[in-house]
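**Q** Give the three-dimensional model of this entry:
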Amino acid sequence: MTGVRCMLLRGGTSKGAYFLAEDLPTDPQTRDDLLMRIMGTPDPRQIDGVGGAQPVTSKVAIVSAASDPGHDIDYLFLQLGVEEPTVSDRQTCGNLLAGVGQFAVERGLVPAGEDRTTVRVRLVNTGTVAVSTFATPGGEVDYRGDTAISGVPGTAAPVELDFTETEGSVCGSLLPTGAVRDNVGGIEVSCVDNGMPVVVARAGDLGITGYESVEELSADTALAERIDALRVEAGKLMGLGDVRGSSVPKTTLVAAPRDGGAICTRTFIPVKPHPSIGVLGGVSVVTALLLDGAVGSELLETDRGPVRIEHPSGQLAVAIEFEGSRVRRSTVIRTARKLFDGTVFPRP
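**A** Have a look, this model is predicted:
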């Protein structure tokens, strides 16, 4: 029971345990068993671990020195189940990414700049590279700042996340089904992968308004069953195979905006309602809605500039740059904060 060196950070609207790869077993099965015991999985309360009893707080970031000179560090994301003993690497997490660069600086993997530091991060899950830029006044990470993001109380230092070459990062193409619009079980959907495989459908087509609270959505078991059936069939069309044991593709239901944003969303992981929306999930949803003929594109209300996504906790601004029919760049502003740094002790 010597424990494992660990840092707990809030990244965006998620919270996770960050580890250096060298501090964990190299064998994936042994590593995953250890992480489940650290997080307290499986248990709906995760009472005997450091997990927060919901998908957005049952996450792990594993960071290591760069495997090639094209980037600075490698970042492997693992989504741990809460009630189920599962560990998935089939997706990445843009929210935890918001704290990966700072963690790398704190652990000595990357030298800090005198004012700001830019870190090129290879997302191991997808093979793509993201660029994270954050404050390091005097050569030290400073988490304090006046940037507020929806779903997080207070303010913190801004983190600029730039994504390039994220098209088809999981499925192999921006439109995995080969079409901008498909019909799945009588429901019109658009399936897009621009960093995260998502299935976009109109909330009204699933029998809801799209403005329900997380609590209302959580209590709607019939809706959960419909979403699960929808994403399982869509997963096959997207080339993901049998996704019944996977958290991807994500499902996002859209409705007309009503709080000053460009679109209103309700997202599910895989059938539990998300308290906000994931970073790369938001990038893929906005990408979908900007495509001609996509499901829900007629609901989008926006001019040039970042698209503000309404979600249950507030809004997320996503900027997408196209070059012809290709996505050139996606940018999101997040924040992160170090919560704990020390030794975590797994359940025996």
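**Q** Low-confidence regions, this structure specifically.
**A** 1, 304 (pLDDT under 70).
**Q** ok, what's across the strand from the nearest residue to residue 328 once chain neighbours are set aside?
**A** Spatial nearest neighbour of residue 328, excluding adjacent residues (CB to CB, 6 or more residues apart in numbering): residue 321 at 4.5 Å. The C-beta positions use only the backbone N, C-alpha and C, and glycine is treated the same way. Taking DSSP bridges, one obtains residue 329 as the residues bridged to residue 321.
**Q** What are the neighbouring residues in contact with residue 321?
**A** 327-330 (CB atoms under 8 Å, 6 or more residues apart in numbering).
**Q** Next, format these as CSV and append distance to residue 144 and neighbour count.
**A** Below are those laid out as CSV (distance: CB to CB, whole Å; neighbours: other CB atoms under 10 Å):
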residue, distance to residue 144, neighbour count
327, 33, 23
328, 33, 12
329, 28, 15
330, 27, 26
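**Q** Taking those residues together, which two end up most distant?
**A** The distance between the two most remote of these (CB to CB) is 8.6 Å, for 328 and 330.
**Q** who touches both of these two?
**A** 164, 321.
**Q** Show me the contact partners of the host helix or strand of residue 35.
**A** In this structure, residue 35 sits in helix 28-39 according to DSSP states H and E. Outside helix 28-39, the residues that touch it by CB under 8 Å, 6+ apart are 4, 6, 17, 24-25, 42, 46, 49-51, 58, 60, 78, 80, 85, 87, 344, 346-348.
**Q** Please, where are all the helices along the stretch 201-348 of the chain?
**A** Shown for the stretch 201-348 of the chain, the helices assigned by DSSP state H, counting those that start in this stretch span residues 214-218, 221-237, 279-289.
**Q** So for the residue most central in space within the chain, what's the nearest residue that isn't a sequence neighbour?
**A** With distances taken as CA atoms, centre = their mean, residue 93 lies nearest the centre of the chain, 3.5 Å away. Of all residues not flanking residue 93 in the chain, residue 77 sits nearest, at 4.5 Å (CB to CB, 6+ apart).
**Q** And the strand or helix carrying the one you found, how far out from the chain middle?
**A** Using DSSP H and E, residue 77 maps to strand 73-80. With CA atoms, centre = their mean, to the nearest Å as the basis, strand 73-80 stands 11 Å off its chain's centre.
**Q** so what strands line up beside it?
**A** strand 59-65 (antiparallel), strand 87-88 (antiparallel), strand 116-123 (parallel).
**Q** could you dump those to a markdown table with distance to residue 234 and mean neighbour count?
**A** As requested, the strands paired with strand 73-80 are arranged in a markdown table below (distance: least, CB to CB, whole Å; neighbours: other CB atoms under 10 Å):
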| stretch | distance to residue 234 | mean neighbour count |
| --- | --- | --- |
| strand 59-65 | 24 | 22 |
| strand 87-88 | 18 | 18 |
| strand 116-123 | 23 | 20 |
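**Q** quick one: which of those strands is nearest residue 244?
**A** Of the strands paired with strand 73-80, nearest to residue 244 by CB to CB is strand 87-88, at 12.2 Å.
**Q** That closest one: what's the following helix or strand?
**A** Following strand 87-88 in sequence, per DSSP H and E, is helix 94-106.
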